[in-house]
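Colleague: Got a predicted structure plus its sequence, pasted below:
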Amino acid sequence: MEKLVSLCKRRGFVFPSSEIYGGLNGCWDYGPLGVELKRNIKEAWWKDMVAGHDDVSTLNGAPSAYSMVGVDCSILMNPQVWVASGHVGGFSDPMVDCKGCKGRFRADQIADLKCPEKPSKCVGESDKCQLTDARAFNLMFKTNVGALEDSSSIAYLRPETAQGIFVNFKNVCDTSRVRVPFGIAQIGKAFRNEINPRNFTFRSREFEQMEIEFFCSPESSEGWYQYWRNRRYRWYTDLGLKSDKLILRDHHPDELAHYAKGCADVEYEFPFGVSELEGIANRTDFDLRQHMQHSGKDLNYFDDQEPDAAKRRFVPYVIEPSAGADRATLAFLCEAYHEDQVEGETRIVMRFHPRLAPIKAAILPLVKKEGMPEKAAELYRTLRKRFNVFYDEKGAIGRRYRRQDEVGTPYCITVDGQTLSDATVTVRDRDSLEQSRVAMGDIPGWLAEKVTGDA
Ligand code: GAP
């Protein structure tokens, strides 16, 4: 993990937030390469789950075809939303204070946390530790909306994106002509005042979620739950997380929330241990019913296009695949990190899936003369319109390759002496290190096929 954190800092993937002022615990900034990686992950999710999702009637395990639409809701919402959702009453972790060091810790984690005053001991084990009894600590960040700072103006930074979807269920039904079964997706920031943020970006106070609320009939919900459970697991393996490090863990019935009928976590074996990337839950009709009760609005679904016999009014069940964009980014970073031996030297190589790689190709003139930089710059300008590519003419070609390996660029395209005579370039593959010649004019289509699957 230390090697990865250091690479992330050195090459501009992730920086501590507001670092020049000493940072802010639990907050992180993505640098120029990190932002590309995270955007590629979010775009892959949106493309695969929302915009370009397959007609699932042809996919195995899916009960029938469905549609999927997106929303982008506000972070601040009417505080009643969080009363109805249960977050005001129950979104808390057990916390203990230490009167010795004035630290505050999650009660269920003290066995793994080091005492800040005496790091050789765990919290509670040093002579100076004086722990209080555990008490509930609500994880929502509070703020005030408007000029008055009193209880009438309290609002919360949303702790999940899901509720924005539930409270827009009727708006979407009324305006989008969607019919059950259908999903509403959202990517956006969420905030939790975690007591002990830790493990780099894994547990942060500000993070991004990629959530789907999938509305279906109660009878079909088990089939859809199985479909989403399997589909979400496959999404990660398709993008390069190896199945021997990726676990799909079904919750034991004792672990389920009182309203849930089923829940599974996609977990990844991080260097710091096996931890959750995403949860997929059958939340029944709990959320819509809560909002019906608290808002007084009718959130029943009525399908007037069904044949007469099937016409009925009901509150849909919800299957919720809820993923963290930052946790997925961290998992793809961990999976990508490799060290191998090339020409007697240790090379650090980030083996990102080409769809996720921040830079898709580096364009390199072999030497800075004989017209090679001009030809390479011409190719760079053509590719730049469609892909994030990088131009580099500084230093020996071997060192330029290594710099690209370290940031996970899948292809290095070199303009060399032969280019000037036959208009072909050398393409070097990051993983196999094989080199082949491709006609310069074919490179845009060739690269599109390699990095997106589209020519
Ligand atoms: N709407 C359901 C929900 O929010 P959750 O398990 O609390 O469920 C879903 O969160 C996902 O959000 C998690 O699987 C994780 O990927 C991400 N997540 C939750 N808390 C996080 C944190 N403090 N830092 C980073 N990601 C977090």
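Modeller: Here it is on my side, so go on.
Colleague: Apart from its chain neighbours, what residue comes closest to residue 327?
Modeller: residue 277 (5.1 Å; CB to CB, 6 or more residues apart in numbering). Any C-beta I mention is one placed from the backbone N, CA and C, and that applies to glycine too.
Colleague: how about the one you found, phi and psi?
Modeller: The phi and psi values for residue 277, taken as degrees, to the nearest 10, are phi -100, psi -40.
Colleague: pretty sure it contacts residue 334?
Modeller: No. The pair residue 277 / residue 334 is not scored as a contact, 11.0 Å apart, by CB atoms under 8 Å.
Colleague: who has more neighbours, those two?
Modeller: residue 277 (22 against 19; other CB atoms under 10 Å).
Colleague: Enumerate every residue touching that one.
Modeller: 236, 265, 266, 267, 268, 323, 324, 327, 328, 331 (CB atoms under 8 Å, 6 or more residues apart in numbering).
Colleague: Could you tell me which of these belong to strands?
Modeller: 265, 266, 267, 268, 323, 324 (DSSP state E).
Colleague: Tell me the one of these nearest residue 155?
Modeller: residue 324 (23.3 Å; CB to CB).
Colleague: and that closest one, how many residues sit next to it?
Modeller: 23.
Colleague: how close does it get to residue 266?
Modeller: Distance, residue 324 to residue 266, by CB to CB, to the nearest Å: 11 Å.
Colleague: What of residue 119?
Modeller: 33 Å.
Colleague: neighbour-wise, which of those two wins?
Modeller: Taking neighbours as other CB under 10 Å, residue 119 and residue 266 compare with residue 266 leading, 25 against 10.
Colleague: Any idea what that one is bridged to?
Modeller: Here residue 266 sits in beta bridges with residue 248, residue 278, as judged by DSSP bridges.
Colleague: The spatially most central residue of the chain: what's it in contact with?
Modeller: Nearest to the mean C-alpha position of the chain, by CA atoms, centre = their mean, lies residue 325 at 1.5 Å. Neighbour list for residue 325: 38, 41, 42, 45, 187, 207, 208, 209, 210 [criterion: CB under 8 Å, 6+ apart].
Colleague: Equivalent analysis for residue 255, please.
Modeller: Per CB under 8 Å, 6+ apart, neighbours of residue 255: residue 263.
Colleague: Now do it against the ligand, distance only.
Modeller: Applying CB to the nearest ligand atom, to the nearest Å, the value for residue 255 to the ligand is 12 Å.
Colleague: isn't there a strand covering residue 378?
Modeller: No. Assessed with DSSP: H, G, I helix; E, B strand; the rest coil, residue 378 is helix; it does not lie in a strand.
Colleague: Which residues of the protein lie near the ligand?
Modeller: 160, 162, 192, 194, 203-204, 207, 209, 211, 276-279, 320, 322-324, 326-327 (CB under 6 Å from any ligand atom).
Colleague: can we see that at 5 Å?
Modeller: 160, 162, 192, 203-204, 207, 209, 276, 278-279, 322, 324, 327 (CB under 5 Å from any ligand atom).
Colleague: Narrow the residues you listed to just the buried residues.
Modeller: 160, 162, 192, 203, 204, 207, 209, 278, 279, 322, 324, 327 (16 or more other CB atoms under 10 Å).
Colleague: Relative to residue 309, which of those residues is nearest.
Modeller: Using CB to CB, those come closest to residue 309 at residue 162, 33.7 Å.
Colleague: list the contacts for the closest one?
Modeller: With CB under 8 Å, 6+ apart, residue 162 has these contacts: 186, 209, 211, 213, 287, 320, 322.
Colleague: Excluding residues flanking it in the chain, which one is nearest residue 301?
Modeller: residue 316 (5.2 Å).
Colleague: In terms of residue numbering, what are the domains of the chain?
Modeller: 2-78+149-332, 359-452 (automatic domain parsing).
Colleague: Residue of the stretch 1-150 of the chain nearest the ligand, please.
Modeller: residue 26 (7.7 Å; CB to the nearest ligand atom).
Colleague: Distance check, the residue lying closest to residue 331 once chain neighbours are set aside against the ligand.
Modeller: Closest residue to residue 331 apart from its sequence neighbours, by CB to CB, 6+ apart: residue 268 at 4.5 Å. Separation of residue 268 from the ligand (CB to the nearest ligand atom) stands at 10 Å.
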